[in-house]
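I would like to see how this sequence folds:
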Amino acid sequence: MKRFLMHILLSGLLVFPSFLAWAGAGQGEREASLTGKDFYIDVMEKSVAAYDSLAVLAYIAEVEKDGIQEHGFARLTANIGILLSQGRIPQKRDLFVRMMDLCISQIPVALARNGGKSTGNDFSVKEICCCLSELEKNKTFDSERINKWKEGLKGMKAEDIYTVQPSVPSKKAHNWCIYGSASECARLMAGIGGNRAYADKYFADQLRYFDENGMYKDPHQPIVYDIVTRLQLMAALDFGYDGPVREDIEKQLFKSALPTLWMQSSTGEIPYGGRSNQFLHNDSFYAAVFEYYASWMQRRGDASLASRFKAAAVRARASLAYWLSQNPVRHIKNHYPTDSGYGCEKYAYFNKYMVTTGSWAYLAWRFADDGIVPSSSPEAPVTFVTSDDFHQIVMNAGDYTVQFDVCANGGYDSNGIGRIQKRGAPSVIALASPCPAASKPKYKLELKNPGPLALSPSWDRYVLEKSGPGYVELSDGGSGRWLSKLSKNGLVMTFRQEGPVTVSVPIFAFDGEQSTDIHFWGKTIEVNYGGWCCRYTTNGRFVDTGLLYANRNGHFRRFDAVGDKQLRLECRISKRSSKP
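Numbers count the residues shown, from 1 in each chain. Down below sits the predicted model:
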């Protein structure tokens, strides 16, 4: 697909009641408005509405000429079809028929036609099968047409259509082979062929890449590909997979259940870390994972835990609703022009990732049980330390979240605190993710960073000494100590070392559209943004370094907090600011 063939509507996007609920409401009211599962159908419709109809026609013409080149086309087709099955967007019925006819003719031959290069069948076969299943169940088209579409995909052999098929167990595979296996389960579920032995083989092989917390270790352990890979296993189980490793899969999913809950930020986001982070589709797949856990726990008879997971799904919905309420809608959490590619990897362009938001919303809708009431009780303070493979520490307490990385992948992140968030406040007002350390980061920025930037002292090593609910203590491997305590009153940090102490403090300055309002006094910095204030105070003094950094969310000014031997630094986020 040529990226220029599809454009987004810069005005006149559909606005749904579930997103309008964000205007003029408090956080609790906002979340309460997002409990019904039809919210996810709204998300799908919003995602499809972001694509201009004339550009879609040009996209169709390209596929008719050159064949399917990647999975964006099939994903868009599936989303439109599922919406039709739910009585939405009837004006796109004829367009959908043309697109589905292309998918049915192209998917079986796409890999060979593309010279063995990926066309995304690993991802899109599952979605087309789910679409056909919904169309058939709801009798959206006559049975003759449905059966013709199904017959077109029945004869496919998994080995001929999927890209990643490693030898077992000599070659390490990544998450794509789990996608392909889930697609085979979807074919079986929908009565469109399918090979359970194929799924058995790769599900069994991939079990060796789960850590002690049930988190999936894709190469370099990006957080996104842990969670979204587990989602494929959930989908396969939901489709009816009952092979020899079903119980082993469920053991890993159960093992990772509470850690997944503990790692959710107070604003509803997945943890940062590695590739494909800070995109809207992160929120929709997070919601899907929590919906699955909620329904699963309910079936297991644990209504209390089901209620907690349902509340987590609502928090993820709240984050998604906030970003979908923006105009124009973006697929990444900044306000740069959508065609700029700012903050995106080469593969993470709007045309692919916007519709992906809808694709994961479908799974969330499929898993969701509206009979489960979200818990209204706040989660107890918790500090979760991942395995060394993921090298993250997430601390949640009193509506705040703080996340540390102690061995960051420099192409995406930096060591230290890369996230400080508060429930209800804009996720980016303090930090949603750090600035990459590498001189050539793995995603597009408009600035060259002078170096790594997170909230951190100038240490070469970060060693976890101890942790517990509401606190984390790190060292530099020697005499340097960094104690962080989190409560309803915010984050309080104490740094101790021999001699002068310098701590870098990223200050959010620009979101791609507007600058923040920054006030700086000797011992205080305030950042005003979106009706909220993030205030830093110190017993030392702040120094404006004059250095400007960038990450996926925008630009940051680097201030240093400096002191001698011992430095205290506090961060608090509130709705109002006042000068001391």
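
thinking residue 402 is in contact with residue 418, fair?
No: the pair residue 402 and residue 418 fails to qualify as a contact (Cβ atoms under 8 Å) at a distance of 9.4 Å. Every residue, glycine included, has its C-beta placed from N, CA and C.

which ones are touching residue 245?
Residue 245 is in contact with 200, 203, 204, 207, counting by Cβ atoms under 8 Å, 6 or more residues apart in numbering.

now swap in residue 263 and tell me
Contacts of residue 263 (Cβ under 8 Å, 6+ apart): 270, 271, 384, 386, 392, 394.

rerun that using 6 Å as the cut-off
271, 384, 394 (Cβ atoms under 6 Å, 6 or more residues apart in numbering).

return the subset of those residues lying in helices.
Of those, none are assigned to helices by DSSP state H.

filter the residues you listed to the buried ones?
Listed as buried from the contacts of residue 263 are 271, 384, 394; burial here means 16 or more other Cβ atoms under 10 Å.

closest to residue 70 out of the residues you listed?
The closest of the buried ones among the contacts of residue 263 to residue 70 turns out to be residue 271 (Cβ to Cβ; 27.6 Å).

just list the residues touching the closest one, thanks.
223, 263, 392, 394, 403.

which residues of the protein fall in strands?
Here the chain has its strands, by DSSP state E, at 382-385, 392-397, 400-405, 416-422, 456-457, 463-468, 471-475, 481-487, 490-510, 517-520, 524-529, 532-538, 541-551, 554-574.

same list, those, but as a markdown table with mean pLDDT and distance to residue 72 please.
Converted to a markdown table, the strands of the chain look like this (pLDDT from 0 to 100; distance: least, Cβ to Cβ, whole Å):
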| stretch | mean pLDDT | distance to residue 72 |
| --- | --- | --- |
| strand 382-385 | 98 | 35 |
| strand 392-397 | 98 | 31 |
| strand 400-405 | 98 | 31 |
| strand 416-422 | 98 | 30 |
| strand 456-457 | 98 | 38 |
| strand 463-468 | 98 | 41 |
| strand 471-475 | 98 | 41 |
| strand 481-487 | 98 | 41 |
| strand 490-510 | 97 | 30 |
| strand 517-520 | 97 | 39 |
| strand 524-529 | 98 | 33 |
| strand 532-538 | 98 | 36 |
| strand 541-551 | 98 | 26 |
| strand 554-574 | 97 | 26 |
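
nearest residue to the middle of this protein?
Closest residue to the average C-alpha location of the chain: residue 282 at 1.7 Å, with Cα atoms, centre = their mean.

I figured that residue hits residue 270, correct?
Yes: judged on Cβ atoms under 6 Å, residue 282 makes contact with residue 270 at a distance of 5.0 Å.

looking at the buried ones among the contacts of residue 263, which is nearest residue 497?
Nearest to residue 497 among the buried ones among the contacts of residue 263, counting by Cβ to Cβ, is residue 394 at 25.1 Å.

contacting residues around the closest one?
Contacts here follow Cβ under 6 Å, 6+ apart; on that basis residue 394 touches 263, 271, 384, 403.

quick one: which of those is nearest to residue 120?
residue 271 (26.3 Å).

nearest spatial neighbour of residue 574, skipping sequence neighbours?
residue 533 (5.6 Å; Cβ to Cβ, 6 or more residues apart in numbering).

ok so, going back, reformat the contacts of residue 394 as CSV; add distance to residue 302.
Converted to CSV, the contacts of residue 394 look like this (distance: Cβ to Cβ, whole Å):
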residue, distance to residue 302
263, 20
271, 24
384, 20
403, 27
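
residues touching stretch 549-563, excluding its own?
In contact with stretch 549-563 (Cβ under 6 Å, 6+ apart) are residues 278, 333-334, 343, 428, 432-433, 435, 445, 447, 449, 453, 501-512, 538, 540, 542-545, 547-548, 569.

so this protein: which segments form each domain?
The chain breaks down by automatic domain parsing into domains covering 1-66+264-377, 70-252, 382-574.

Throw those domains into CSV and include distance to residue 258, thanks.
Shown next, in CSV, are the domains of the chain (distance: least, Cβ to Cβ, whole Å):
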stretch, distance to residue 258
domain 1-66+264-377, 8
domain 70-252, 9
domain 382-574, 9
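
which among the strands of the chain is found nearest to residue 228?
That would be strand 392-397 among those, by Cβ to Cβ, at 16.6 Å.

how distant is that closest one from the center of its chain?
17 Å (Cα atoms, centre = their mean, to the nearest Å).

by how many degrees do it and strand 400-405 diverge?
Between strand 392-397 and strand 400-405, the angle comes out at 170 degrees (axes from the mean of the first three to the mean of the last three Cα atoms, to 10 degrees).

in its sheet, which strands sit next to strand 392-397, and in what direction?
Sheet pairing of strand 392-397 (DSSP bridges) gives strand 382-385 (antiparallel), strand 400-405 (antiparallel).

neighbours of residue 166, just the number please.
15 (other Cβ atoms under 10 Å).

measure it to residue 513 for me?
44 Å (Cβ to Cβ, to the nearest Å).

can you check residue 436 too?
Residue 436 is 22 Å from residue 513, where distance means Cβ to Cβ.

of these two, who's got more company?
residue 436 (26 against 11).

I figured that one hits residue 408, correct?
No: counting by Cβ under 6 Å, residue 436 sits too far from residue 408 to count as a contact (8.6 Å).
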